[in-house]
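In: could you look at this predicted model? Sequence included:
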Amino acid sequence: MAPIPDGFSYGQWSVVYNALSFGIAAMGSATIFFWLQLPNVSKSYRTALTITGIVTFIATYHYFRIFNSWVEAFNVTNSGGGDYTVKLTGAPFNDAYRYVDWLLTVPLLLVELILVMKLPAEQTTSMSWKLGFASALMVALGYPGEIQDDLTVRWVWWGLAMIPFCYVVYELVVGLNDATKRQASATVSSLISSARYLTVISWCTYPFVYIVKNIGLSGPTATMYEQVGYSVADVVAKAVFGVMIWAIASEKSKLEEQGSLMSS
């Protein structure tokens with residue numbers, strides 16, 4: 001991992017501190033909500049909602065680790081009643097937790113969307129494997145550049161990671177379009193469309209945050225923008241997206257229950 005820069009102001013340090021704390025609170029509360037809702041959806045959608053909770057649970061754990069690593073990397077003091085001073089302790093800030101988290105959760109995010117759509121079994125298996133592999137490859141290709149300060153190397157790995165990234169985005173926007181239109185109701189189709197485009201929009205945040213250091217920003221400012229940007233994108237891509245998955249499962253469960261009552 002690249003060494004963390006020195007020279008943080010208390011304001012910069014606390015912005016990252018609060019963003020990581022927000023990530024813990026958002027992911028943790030989302031996990032509790034999703035798992036408490038399991039009895040309220042049909043059996044067909046419980047796997048998708050369970051995976052949704054697993055995603056935010058994994059994220060909660062990693063945000064705890066990132067938060068603790070951030071705190072341990074700095075010594076924040078206030079002697080004499082003046083402004084707080086922020087100094088490095090020499091302990092490493094292990095940002096690799098983010099990539100471990102993404103390697104586990106990003107493929108699961110796509111799988112939960114495919115499962116809640118309730119596609120034909122063959123298409124479900126095929127799409128899950130293709131999108132899961134492509135998203136894992138995207139994360140794996142991004143990490144070598146993330147830990148480098150050499151701009152050329154960062155751009156090369158960024159470009160390589162964008163290949164599977166563009167494939168996944170294409171499948172979300174185009175590949176799942178027909179299946180979305182064939183859903184049980186206009187409400188369900190609208191919810192699934194919203195979930196697909198929310199994923200695309202939130203995912204598009206990551207490549208731009210990645211190149212913060214490539215466009216002239218450096219030192220504490222670049223690190224602050226990077227940490228805050230990734231934290232906000234994670235909450236949208238996992239916790240908020242998970243709420244969309246729950247809404248889809250809930251609406252489809254309601255429609256199936258109504259259909260069962262009418263048929264009986």
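Out: Thanks, I have the structure now.
In: ranges for the strands of the protein?
Out: 74-77, 85-88 (DSSP state E).
In: in CSV: those, plus mean pLDDT and mean neighbour count.
Out: The C-beta positions use only the backbone N, C-alpha and C, and glycine is treated the same way. Formatted as CSV, the strands of the chain follow (pLDDT from 0 to 100; neighbours: other C-beta atoms under 10 Å):
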stretch, mean pLDDT, mean neighbour count
strand 74-77, 92, 15
strand 85-88, 92, 15
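In: who wins for proximity to Pro5 among the ones you listed?
Out: strand 85-88 (8.7 Å; C-beta to C-beta).
In: if I look at Thr52, how far off is Ile58?
Out: 11 Å (C-beta to C-beta, to the nearest Å).
In: looking at these two, which has the bigger crowd around it?
Out: Between Thr52 and Ile58, Thr52 has the larger neighbour count (other C-beta atoms under 10 Å), namely 32 against 19.
In: what residues are up against that one?
Out: Listed by C-beta atoms under 8 Å, 6 or more residues apart in numbering, the contact partners of Thr52 are Phe34, Glu112, Gly242, Ile245, Trp246.
In: cool, and Leu113?
Out: Ala48, Ile192, Ala195, Arg196, Thr199, Ile245 are the contacts of Leu113 under C-beta under 8 Å, 6+ apart.
In: run through this structure and note the low-pLDDT ranges.
Out: Under the criterion pLDDT under 70, the flagged ranges of the chain are 1-2, 80-81, 259-264.
In: just the helices in it please.
Out: Using DSSP state H, the helices of the chain run over residues 10-36, 46-72, 96-117, 121-146, 151-170, 177-181, 186-210, 219-234, 241-263.
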